[in-house]
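> give me coordinates for this.
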Amino acid sequence: MSSVLKLLNRASLLTLSLLKKRKCAPPIYGATSVVRRAVEVRTLFTNVGGKIFGNRRFCTSVVSYKRKKDDYPPKSIEDDKQEEFLDSEVDLQDKEVEELFQQRIPVVPEGGQRIFIVHPDVKWGVKKQHLTTGELQMAEAVALVNSLPDWMIVDTIIMPTKTPDTKYVFGKGNLQAITEKISALPQLTAVFMNVERLSPLAEKELEDLWGVKVFDRYTVVLHIFRYNARTKEAKLQITLAEIPLLKSRLKNELANKDQQGGGSRYIMGSGETFTEVQHRLLKEKEMKIKSALEKLRQKRTLLRAQRTRREFPVISVVGYTNCGKTTLIKALTGDTKLQPRDQLFATLDITAHAGVLPSHMTVIYVDTVGFLSQLPHGLIQSFSATLEDVIHSDLIVHVRDVSHPESLNQKVNVLNVLKNLNLPSHLLDSLVEVHNKIDLQEGYCTTDPNILGISALHGYGLEELKQRIENAVLKSTGRQIMTLRVKLSGLQLSWLYKEATVQKVDVMAEDDTANVSVIISNSAYGKYKKMFP
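A predicted model of the protein is given here:
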């Protein structure tokens, strides 16, 4: 009994010390609650099957001590602005973001991951892909694996299936053939099942059958995102995208514990089961990340509003991953800071770059996250805040890699994602389609006058593309090209240089005036007439 009291006292002192450092009021609960909280945190991050979090320390928000159970979820951002101490808790600092991000970094076996890729070739039904082949889908799976450092492909197989939604994905005979092939590869460390998402049950059953880790497209793409994430926002979005995966695994583990008679264990008489604690902590983590992302979204909205006030036309450059978007923007803007990489998902963050059109009009080119076929819906949702810039742009340029054998299928996937973003109809109607990498396509020719062939790497067709973008921007933004007579002794000319795009100035020396050719928006022209009647 004395040892328990010592433990309680030590826990109380430790917690009060932490609260003192954070300048927070002590919790209203007693020492028993402190110990319970410590056990909850330690248990969650060391015991979820040993697969979800790993053996890491994690600090939960002190604010959670102050809330009653029915106060959850946390307060809104508006409330946070009124209460500074809550705001500091919800707004994750860089160190906290890095801790959350590091918790799920996968451990690569010594010598690297040695992968066997299995592609289930669906022969019929709703999941059959009609615009591609099993061989081309396998080629994309190979490219995904090759995007990761220390991941090596040992072997591949394309196996037909009629039952892609069953527990084992394949029928008994084909499953046995795959199992025998895996048994003959002792150096193997993992299997990549080239499907959008495996259920937790299917993943567990296959891992038990084959004795190695099993990945699906969801987890492989998350690994690639993790490798390429550089900014706070990208890391938060990836961590958020993993939450549904953790929840589904937790649910599956609960089912297993119930079968073993261990799913209803309580923690130190707290009234909460082990699984309920895990769910609650996951929920807290999810809400904290969403709150931080909301703050970043508000900052992005503010930047977008500033661009709108300055009336810079915004051009979103979209396309399938590795189609050459970043290379094109670098060629159009001359931005030497851009360093395109020949790999999938090299760009995870929205970046904006200023460029000049033939009329000397300044525009903003926005580089976006690349799209992918069978991209899991959860990933799209996590990056929805990033894709908001596409919705608010003045023009969309769709870049296609015409040298790729699946160029048409890639186009369909990109257009489907754009439609799911609920874009305004005028944005989809005015979309400019660009065929990139024509230097790799022998005898390239297009009969569609609305499509322009270019090579962003070698600069072919860029001047014509700039002119086409300019015409589309003038139409979509309602800008006008006009000539205005101004007095050189007045403020008109300096105002036009600031608020419009001045193309040409013809000075009339005899009457101290000039004819100024400008590109000006309707709103700016209205201001001009009001200021200089």
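
> quick check, residue 404 in a helix?
No - judged by DSSP: H, G, I helix; E, B strand; the rest coil, residue 404 forms no part of a helix; its state is coil.

> got the phi/psi numbers for the nearest residue to residue 289 once chain neighbours are set aside?
In space, and not counting its chain neighbours, residue 289 is closest to residue 240: 4.8 Å by C-beta to C-beta, 6 or more residues apart in numbering. Glycine gets a C-beta too; all of them are placed from N, C-alpha and C. According to degrees, to the nearest 10, the main-chain angles of residue 240 amount to phi -70, psi -40.

> below-threshold pLDDT in the chain: ranges please.
Within the chain, the stretches with pLDDT under 70 are 1-108, 125, 230, 233, 249, 251-272, 274-275, 299-311, 341-349, 374-386.

> show me the strands in it, by range?
Secondary structure of the chain (DSSP state E): strands located at 113-122, 151-161, 190-193, 213-215, 314-319, 351-356, 362-367, 395-401, 432-436, 451-453, 480-487, 501-508, 513-520.

> mind giving me the packing neighbours of the fourth one?
Packing contacts for strand 213-215, counted by 3 or more C-beta pairs under 8 Å, 6 or more residues apart in numbering; DSSP states H and E, involve strand 190-193, helix 200-210.

> what about residue 171, neighbour count?
Using other C-beta atoms under 10 Å, residue 171 is surrounded by 14 other residues.

> how near is it to residue 162?
7 Å (C-beta to C-beta, to the nearest Å).

> kindly report the same for residue 128.
Taken as C-beta to C-beta, the span from residue 128 to residue 162 is 10 Å.

> what do the two both touch?
Common contacts of residue 128 and residue 162, defined by C-beta atoms under 8 Å, 6 or more residues apart in numbering, comprise residue 122.

> of those two, which one has the most company?
Under the criterion of other C-beta under 10 Å, the comparison of residue 128 against residue 162 puts residue 162 first, with 13 against 10.

> what are the ranges of the helices in the stretch 51-200 of the chain?
Remark: helices assigned in the stretch 51-200 of the chain by DSSP state H, counting those that start in this stretch are 63-66, 77-82, 84-90, 94-102, 134-146, 172-183, 200-210.

> quick check: residue 357 touching residue 472?
No - contact between residue 357 and residue 472 fails when scored by C-beta atoms under 8 Å: they sit 10.4 Å apart.

> so for residue 495, which of the strands of the chain sits nearest?
With C-beta to C-beta as the measure, strand 480-487 is the member of the strands of the chain nearest residue 495 (8.9 Å).

> show me what that closest one is packed against.
Looks like strand 480-487 contacts helix 492-499, strand 513-520, helix 522-531 (3+ C-beta pairs under 8 Å, 6+ apart).

> counting by contacts, list what the second one packs against.
Contact partners of strand 513-520 among helices and strands, from 3+ C-beta pairs under 8 Å, 6+ apart: strand 480-487, helix 492-499, strand 501-508.

> mind redoing it with 10 Å?
In this structure, strand 513-520 packs against helix 462-477, strand 480-487, helix 492-499, strand 501-508, helix 522-531, with contacts taken as 3 or more C-beta pairs under 10 Å, 6 or more residues apart in numbering; DSSP states H and E.

> okay, buried residues for that strand please.
In terms of neighbour count (16 or more other C-beta atoms under 10 Å), strand 513-520 has its buried residues at 513, 514, 516, 518, 519, 520.

> would you mind writing the CA trace of that strand as CSV?
Taking only C-alpha atoms (Å, rounded to 0.1, in the frame of the first residue of the first chain), the coordinates of strand 513-520 have been written out as CSV:
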residue,chain,number,x,y,z
THR,A,513,-0.5,64.0,-72.5
ALA,A,514,0.0,60.4,-73.4
ASN,A,515,-2.0,57.6,-74.9
VAL,A,516,-1.5,54.6,-72.6
SER,A,517,-2.4,51.1,-73.7
VAL,A,518,-3.4,49.0,-70.6
ILE,A,519,-4.9,45.7,-69.5
ILE,A,520,-7.3,46.6,-66.7
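
> identify the residues contacting that strand?
By C-beta atoms under 10 Å, 6 or more residues apart in numbering, the residues outside strand 513-520 that reach it are 311, 357, 359-361, 470, 473-474, 477, 479-490, 492-493, 496-497, 499-508, 524-528.

> hmm, back to that, make a markdown table from the helices and strands packed on strand 213-215 and add mean neighbour count to it.
Rendered in a markdown table, the data for these read as follows (neighbours: other C-beta atoms under 10 Å):
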| stretch | mean neighbour count |
| --- | --- |
| strand 190-193 | 23 |
| helix 200-210 | 17 |
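
> for residue 422, find the nearest of these.
Residue 422 sits nearest to helix 200-210 of all these, at 31.0 Å, using C-beta to C-beta.

> report the angle between the closest one and strand 113-122.
Using axes from the mean of the first three to the mean of the last three C-alpha atoms, to 10 degrees, one finds that helix 200-210 and strand 113-122 are set 120 degrees apart in direction.

> alright, I will stop here.
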